[in-house]
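**Student:** fold the following and give me the result.
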Amino acid sequence: MKKTAVIVAGGAGMRMGAELPKQFLLLKNKPLLYYTIDTFLKAYEDLDIILVLPEAYTDMGQEIIDAYFDKDRVRITIGGATRFESVKYGLQLVEGEAIIFVHDAVRCLVSPELIRRCYEQAVETGSAIPVIAASDSVRLLTEDGSDALDREKVMLVQTPQVFHSKLLIPAFSIEQKGKFTDEASVVEAFGMKVSLVEGEKNNIKITHPVDLMIATQLLDPA
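**Tutor:** Got it, this is the predicted structure:
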């Protein structure tokens with residue numbers, strides 16, 4: 001089955017407090033984006049990447065590709081105002097039937113093992129959503145305050161979220177209603193169920209400056 005990864009790096013990353021979008025910040029002297037692309041390309045030799053970037057940073061993205069990777073395996077497209085739009089633009093470049101990975105560019109510590117585990121699940125069931133158990137107490141905000149939730153029934157969602165193209169591409173043809181936070185919510189809004197797989201605690205999303213420090217330590221634990 002053809003494999004295509006849509007790596008979404010369309011945001012500005014304002015919470016990092018940096019001038020550059022966070023996907024271009026350096027981690028051990030290489031951009032975060034380098035690690036994400038490198039892991040996907042190494043996970044499967046027959047996988048290609050569609051990289052979704054802000055229009056102002058496509059040249060910078062191309063420089064990274066030219067410096068480190070086989071440019072024939074990575075294509076760039078421009079993102080939209082929302083994640084939904086950015087993923088939709090990326091999906092427009094998918095050719096033919098495929099298993100599609102959608103991944104946050106700044107989850108740069110994703111492992112080849114997780115990528116393969118998600119692929120195998122998606123081939124079997126049509127979808128694969130990596131999750132990890134909540135380790136903290138969880139509360140749901142209500143009009144009257146908040147309610148405690150059973151954390152044993154709460155899972156934290158990661159990427160890559162992986163789908164057969166016959167499921168994902170039609171799902172993104174629907175009108176965006178409300179705020180879709182991930183691809184699973186889009187597919188579910190389209191009336192389909194998703195399958196969960198075990199994620200990884202190290203598969204963190206770089207959002208705040210402290211996350212960059214943690215990622216540095218995880219890359220070089222010694």
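**Student:** look through this structure and tell me its longest helix.
**Tutor:** For the chain, the helix with the greatest residue count under DSSP state H is helix 112-125.
**Student:** what are the boundaries of the strands in this structure?
**Tutor:** With strands called from DSSP state E, the chain shows them at 3-8, 26-27, 30-31, 47-53, 74-78, 99-104, 127-133, 138-142, 145-149, 155-157, 161-164, 196-198.
**Student:** which parts of the longest helix of the chain are buried?
**Tutor:** Under the neighbour-count criterion of 16 or more other C-beta atoms under 10 Å, helix 112-125 has 114, 115, 117, 118, 119, 121, 122, 125 buried. For every residue, glycine as well, the C-beta is placed using N, CA and C.
**Student:** any idea how far the second one is from residue 104?
**Tutor:** It stands for residue 115. According to C-beta to C-beta, to the nearest Å, residue 115 and residue 104 sit 13 Å apart.
**Student:** low pLDDT regions in the protein?
**Tutor:** Where the chain drops to pLDDT under 70, the residues are 10-18, 177-178, 221-222.
**Student:** return the residue of it that is most distant from the centre.
**Tutor:** Relative to the centre of the chain, the most outlying C-alpha is that of residue 144, 34.6 Å out, by C-alpha atoms, centre = their mean.
**Student:** phi, psi of that residue?
**Tutor:** phi -100, psi 0 (degrees, to the nearest 10).
**Student:** surely residue 192 is in contact with residue 168?
**Tutor:** No - contact between residue 192 and residue 168 fails when scored by C-beta atoms under 8 Å: they sit 9.6 Å apart.
**Student:** look at those two and report which has more neighbours.
**Tutor:** residue 168 (27 against 16; other C-beta atoms under 10 Å).
**Student:** quick one: contacts for that one?
**Tutor:** Going by C-beta atoms under 8 Å, 6 or more residues apart in numbering, residue 168 touches 91, 100, 102, 183, 187.
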